[in-house]
Structures are given as C-alpha cells and as structure tokens.
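# Sequence plus predicted model, see below.
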There are 2 protein chains.
Amino acid sequence: VGEKSGDRSVADLGEHAFLDALCRRLRERRKREPSERSVLVEPGDDCAVVAASPHPQAFTTDTLVEGVHFRSTWLSPRALGRRATIVNLSDLAAMAATPTAILMALTVPAQTSVASLDEMLDGCADACAEAGAALVGGNLAGGDLLSLTVTAIGEIRGRALERSGARPGDLLVVTGTLGDAAAAVAAWLAGTEPAPALRERWVAPTARIDVARKLAAAGAHAAIDLSDGLRADLGHLCRASGVGAVVEHARLPRSEDVAALDALGSDHALQGGEDYELLVACPPELEPALLELSTACGVPLTVVGRCTEAMDLVLQHADGRLGPLDAVGYDHFSGSRRE
Amino acid sequence: VGEKSGDRSVADLGEHAFLDALCRRLRERRKREPSERSVLVEPGDDCAVVAASPHPQAFTTDTLVEGVHFRSTWLSPRALGRRATIVNLSDLAAMAATPTAILMALTVPAQTSVASLDEMLDGCADACAEAGAALVGGNLAGGDLLSLTVTAIGEIRGRALERSGARPGDLLVVTGTLGDAAAAVAAWLAGTEPAPALRERWVAPTARIDVARKLAAAGAHAAIDLSDGLRADLGHLCRASGVGAVVEHARLPRSEDVAALDALGSDHALQGGEDYELLVACPPELEPALLELSTACGVPLTVVGRCTEAMDLVLQHADGRLGPLDAVGYDHFSGSRRE
C-alpha cells in the first residue's frame, strides 16, 4: 500500500499504519475511477458519508469464511476480494437495485502478508469499479481464520424485484448457465483440478445487475439469485410467493462441461449452488421480449419452467415423467446437502 | 424464535429454518417498535429496502471476534449482540449522524445453541430500538470462532463532524468518564472480577448520539469516538486535522473506581480504550454553552485540553510539568500496546 510492502505481515506493520496506507490508496483510486454517487467523507473517518439519493436504499451483507466457503488454494487473494464483493452485488442484482457503495470488513490472521491484504482490497475495488459503486469503508480485525464480510448498498431506481411477487402462470427464467460453480467445487473436493472454464465461473461469477434492471422495467414479477442452487432457491421464491412450480429438467442451460458431467450422473445444473445467476418470474406476455433483452445485455435468458397454483414443486424429466422437486440446498453448518 | 427452541444447535435446526424463524421474529418486533425510516422490504429477501432519505448517508462497519475483542465469559449473548451494535452506533455518533438501519452478520460455530443466537439478535434489536434504527438484515455463516460484524447506517441531518476539522485554539471536550472499560478488562485479564460499575461500562457502553448532534449544531469542529483510548484517538484526530494538543492529566473525568485505580499507578483514563465516549474539538466560544448542553442531554462534558498550532501532543501533568503524549493504542494484531 503506497510504499513497497514486500512480505511484511499486518502484525509487523501495525493495524493503524496499514489502515492509513489503505485509505490513501482508496482515495487515489477514487480520483481515477469516480463512482456514480458522490463520496462526501472518504474512508479513514469514523464513517463514510455519501450524498443523498432520491431513491429507496437496498442493503445486504454476506460473509465468506476460509475453510467453509472457500479454500485459499482455490483462488488468489485478489480474486477472493473480488468474489466476496460480487456475491453481495448479486443480491443487489436480484432486487433490481443499482449498486452505489461497498464496505469490506476483513478478519485476518496476524501473519497475513500486507501484500495479500492489498490484493484482496484491490479485488474488492475492481468489482466496485465494474459495478459503478464506491468502496467507501471497512474494518480490519485479527482472528484465527480469514473471513470477509461485505455490505453492499444500492438504490432502487425503478421497481424492486422481491422474492414474493411470482404468480401462477409466470415463466421461470434463468440467466447464464447453471451448475458450473458446483462442478468446479466438486472437482476440488475430489482432489482434481476443475476444467478452466468451470474454475473461472466459480472464481469470478458475474452479478447480473443490468439484465435484472431491464427485466424489472419490462414487468418481471419476482427474482432471487442462485446462491444455493436452482432447486433450493426456486423453493425459497415459491414459498415467499405462495406458488408452486414445474421445472423442465432438459431445459436447464448447461455449459458443455456441465452437460458432459451431468450426462455421467451428476445433477449440478439443478442442484449446484454458487453460480450467482438469477431466477426471475416473468408474466407470459414478456416471453417475446426475452430474446431482445438477452441480446441487449449479452446474457443468455432461458425459460426453464413455470409457476403453478398448486403449491408443489415438480420436476419434469427429459422423458416427460413428472416427479417431486424438493427444496434442498447447501447448509453452512452441516456442510452437506439436507433433504 | 417463534416456537420453543430449547437447547437445539443451529446445526440441528438448519440454517434456513433458523433464518426463516428469525425473519418472522424481526417482522413481529418491527410492528411493535417502528423505526424512524420506513422499511419497504423486510428481512428475508435478497436485500432489505428502506425509503429514500433527503439527507447524506453515513456508513460504518466493525467486527468483534471471540478471544480477540471479548470472551464469552465476560457477558451474556444478549449483552454481546447489544454491544456489537452500540460499538457501531458510536461511530455514527462521532459523525453526528442519526442511526437509521443496522445489519448483523454472524459467524458462529455449528454447536451454538439457537437460544443464544436468539439472544444475540434480541440484544442487537434492543440497541436498534433505543437508537430509533431498524434491524433490517444480516447473515448467518458457520465458522470455528464466534464473530459479529455489524454495519450501521445513518443520515446526516445537520453538519457532519469529521475528524479533520479541529483548529488551533479549539477546546478538547470529552463525554462521560474515561478508563472504566479498560479497568474492567484489566481486572478480567488479571483473573479477578471487575467492580460492578466498571463491568457494566464495558458490557453496555452508550453511543453518544444525541449530544453529538447537539454539539455539531452548536458549532463543534471535529469528533472521534474513543475506541482506542484518549491518547491514541487524540493522535488520530490531531493528525487528521493537522494540529497538536495539550491535555491536562488532572482534568480527565474519572469514575470513583478508575480514580482509585489510577491513584495506585494505572493510567486507564488516558490510555484505556473501549469506553465509546466522544472526543470533540469545539471553538472556545462554545465553552459557555457546554454546561447547558450537558444538562439537556444528561451527559457529562469535560474540557480536558486544547488544540495547538505546534503539531506535538503534550501532556500537562498534575504538578504542571509538561511531557510528550505519544499516540499509542490497542493493536488488534500484536494484542499489546505499541509505542
């Protein structure tokens, strides 16, 4: 930060010296990459202060813990800082919010090198710059395990997309492809290296901010981001909305890698989490507009099923057979899938 | 949460079931204790959404880690949730901001009981209600160590009190008494029980929200909250403002307990952190108004020194002798005081 930091640890440098250097770095960076909302008081004071906004404000927070949500062998410190930020930007996207400000609270072991901390914060700042948000503040605490808690702040310039707005008859639309991130994690946990494309999708997901806002403006009813996987998150959306759903298994959008793996017996596209794609419930009259929206945003949009009045979650298999689609998802405590 | 939770752990209950129950609890509580700013989307969605505000927005985040910032034998889960929130409200107070919303990101070991999590969140909600803020969201993650990261959001209805506004000649004013929290921690670390009044001050500090706003309105120049202790935080304020200071040791406001301990050789009032009182730089013409402000807010205000043009930090001892007052403070990595 500022001067050459080499392999010094945070403990060597001291917390306050590190924070001072960090604040200087953030101020310099902001001069080069101004964010959409003006920062009135810069990092380094008791609080950051940003200008008033005429729009409702959206807030979300999420934590990544080493050994629980990631292993440090899976990605660089810079990619980790970026990913922790995108995971939160994705929650803003699922609300059709426009990101404005980010806070990053780091807990790091004392022997953590200043260089790797710098990289984590650079990764966070990269994600902020891509989304037009300002990295306005944060915290640095000592602790035995590395963990990153990001708070993302956005504004609702149009309509908010709540989870609870889906209605019977709505189309279920997903962005991008499903299962890539889970396939990468499965490879790591099996002791192998994932295919580069799969690895990249876990390491660097995309927050679907632009397409979410356009879908909201076009009249979409509800959205949720696919952090726990389609099966689990569809359950959350349906429960909040008081609807059921039928999902067509063959329609799930898969990358070539995931298609090959799922053909061999895995079910990453349906069950795998951490893609940070969106599931959006759209009224059927929106279907003709989806292709144009997809092209305009450069994001694939796929209809994978529809909402039903009956509260059941149903999976239509490739052979036409119908079966139950029970909500399961990654549980951060058992570390396994719960039925 | 809702139904009787007994001694079940979060792992027994499952993360999603816990979060669902928590969201119901928060919604019920909000009906009883409406916050100042209206909550448009309740906890349980991808983001919380609160109504637009015409004022600049203040953001701050801070983490408490078990074994680093507290030991669970020192306070109840409810007091811990409350304290983690107040620590952040204090940063808003130091900016003369009015608290509006709180997010609580918890990292907890899998065996943590649902009952103690409920209590932590109740403590957080208590602090929110006292401050007129809404507990709008949060996160629950698994991890080996208990840690609480709170993000506090406020609005600047009048003038913001930055650290950098102090000028030569300003009076240095502190709220409350100093050193109580550090004296309590010193007792615990020495294996004894602190005096009840000292323990209470560490367990349940007060965010000085009201008096800070009134001091800002009256024309105060700068403020910082005393998390690292007067000696360290005065250094931060002076450095940010480009001024020096003279502090009169005999003037530091001490409780009876701290006065007795400091008479025996400790220096808690000058060096002890975690009181979460405020240090405010006020133009000298404000002095006559301080007593009235103090009475109106029910908070002691004490002039402990003044800012100087010379950049040195000087301590005037009780016998009139002048000596250096070097900025030192608690370092969260070395776990000791750094000169």
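Good, I have the coordinates.

# So for stretch A:237-256, first residue to last residue, what's the gap.
End-to-end distance for stretch A:237-256, by Cα to Cα, to the nearest Å: 28 Å.

# Can you give me the buried ones in it?
Of the residues in stretch A:237-256, A:237-241, A:243-249, A:251-255 count as buried by neighbour count, 16 or more other Cβ atoms under 10 Å in any protein chain shown. For the C-beta atoms, the positions are set from N, CA and C on the backbone; glycine is no exception.

# Work out the gap between that stretch and the centre of the chain.
Taking Cα atoms, centre = their mean, to the nearest Å, the mean C-alpha location of stretch A:237-256 is offset from the chain mean by 19 Å.

# If you average the pLDDT over that stretch, what comes out?
Stretch A:237-256 carries an average pLDDT of 97.

# can you check stretch A:286-302 too?
Regarding stretch A:286-302, the rounded mean pLDDT is 97.

# Next: stretch A:180-192.
Stretch A:180-192 carries an average pLDDT of 97.

# Please list the outside residues in contact with it.
With Cβ atoms under 8 Å, 6 or more residues apart in numbering or on different chains as the test, stretch A:180-192 has contacts from A:71, A:74, A:193-195, A:197-199, A:201-203, A:205, A:229, A:255, A:257-258, A:261, A:266, A:268, A:271-276.

# just the residues you listed that are near chain B?
By Cβ under 8 Å from any Cβ of the partner chain, no member of these lies near chain B.

# Filter these down to just the ones in helices.
Taking DSSP state H, the ones among those that sit in helices are A:197-199, A:201-203, A:257-258, A:261, A:268, A:271.

# which one among the residues you listed gets closest to A:Ala222?
The closest of these to A:Ala222 turns out to be A:Gln271 (Cβ to Cβ; 21.2 Å).

# For that closest one, give its distance to chain B.
Separation of A:Gln271 from chain B (Cβ to the nearest Cβ, to the nearest Å) stands at 15 Å.

# now A:Leu64
8 Å.

# For that residue, grab the count of nearby residues.
By other Cβ atoms under 10 Å in any protein chain shown, 19 other residues sit near A:Leu64.

# what about A:Pro34, neighbour count?
Neighbour count for A:Pro34, taken as other Cβ under 10 Å: 12.

# And the one 5 residues further on, by the same measure?
Applying other Cβ under 10 Å, we find 21 residues neighbouring A:Val39.

# Please name the bridge partners of it.
A:Val50 (DSSP bridges).

# tell me the contacts of it?
By Cβ under 8 Å, 6+ apart, A:Val39 lies in contact with A:30, A:48-51, A:134, A:136.

# Next: A:Leu234.
Contacts of A:Leu234 by Cβ under 8 Å, 6+ apart are A:172, A:245, A:247, A:279, A:313, A:325, A:327.

# these two touch, right, the second one and A:Arg306?
Yes. In this structure, A:Ala245 sits in contact with A:Arg306. The criterion is Cβ atoms under 8 Å, and the distance is 6.9 Å.

# Identify the contacts common to those two.
Common neighbours of A:Ala245 and A:Arg306, counting by Cβ under 8 Å, 6+ apart, are A:Leu172.

# need the contact list for A:Gly67.
Residues in contact with A:Gly67 (Cβ under 8 Å, 6+ apart) are A:145, B:144.

# and it, what pLDDT?
Here, the pLDDT recorded for A:Gly67 equals 94.

# Which members of the ones in helices among the contacts of stretch A:180-192 are the farthest-apart pair?
Among those, the pair separated by the greatest distance (Cβ to Cβ) is A:Val203 and A:Gln271, at 20.4 Å.

# Quick check: of the ones in helices among the contacts of stretch A:180-192, which lies closest to A:Arg24?
The closest of the ones in helices among the contacts of stretch A:180-192 to A:Arg24 turns out to be A:Val203 (Cβ to Cβ; 28.8 Å).

# Check the gap between the closest one and chain B for me.
For A:Val203, the distance to chain B equals 20 Å [Cβ to the nearest Cβ].

# which residues touch that residue?
Applying Cβ under 8 Å, 6+ apart, one finds that A:Val203 lies in contact with A:74-75, A:79, A:83, A:184.

# run the last query once more with 6 Å
Counting by Cβ atoms under 6 Å, 6 or more residues apart in numbering or on different chains, A:Val203 touches A:75, A:79.

# for the one 10 residues further on, same thing?
Each residue near A:Arg213 by Cβ under 6 Å, 6+ apart is listed here: A:Ala96.

# Equivalent analysis for the one 3 residues further on, please.
By Cβ under 6 Å, 6+ apart, the contact list for A:Ala216 reads A:96, A:158-159, A:161.

# and those residues as JSON lines, adding distance to B:Pro109?
Shown next, in JSON lines, are the contacts of A:Ala216 (distance: Cβ to Cβ, whole Å):
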{"residue": "A:Ala96", "distance to B:Pro109": "36"}
{"residue": "A:Gly158", "distance to B:Pro109": "42"}
{"residue": "A:Arg159", "distance to B:Pro109": "40"}
{"residue": "A:Leu161", "distance to B:Pro109": "35"}
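
# of those, buried ones?
For the contacts of A:Ala216, buried by 16+ other Cβ under 10 Å: A:96, A:159, A:161.

# Just give the closest residue to the first one, not the sequence neighbours.
Put plainly, it is A:Ala96. Spatial nearest neighbour of A:Ala96, excluding adjacent residues (Cβ to Cβ, 6 or more residues apart in numbering or on different chains): A:Ala216 at 3.6 Å.

# ok, then the element right after the helix or strand where that neighbour lies?
Assigned by DSSP states H and E, A:Ala216 belongs to helix A:209-218. Counting by DSSP H and E, the next helix or strand C-terminal to helix A:209-218 is strand A:222-225.

# Export that next one to PDB, keeping only CA atoms.
Coordinates of the C-alpha atoms in strand A:222-225 are reproduced here as PDB (Å, rounded to 0.1, in the frame of the first residue of the first chain):
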ATOM      1  CA  ALA A 222     -40.000 -11.600  -8.800                       C
ATOM      2  CA  ALA A 223     -36.300 -12.700  -8.600                       C
ATOM      3  CA  ILE A 224     -33.800 -14.400  -6.500                       C
ATOM      4  CA  ASP A 225     -30.100 -15.000  -7.000                       C
END
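
# Could you list every helix and strand in contact with that strand?
Packed against strand A:222-225 by the contact rule (3 or more Cβ pairs under 6 Å, 6 or more residues apart in numbering or on different chains; DSSP states H and E) you find helix A:77-94, helix A:230-241, strand A:278-282.

# Give me every residue in the stretch 151-300 of chain A lying close to chain B.
Neighbours of chain B within the stretch 151-300 of chain A, by Cβ under 6 Å from any Cβ of the partner chain: A:151, A:160, A:162-163.
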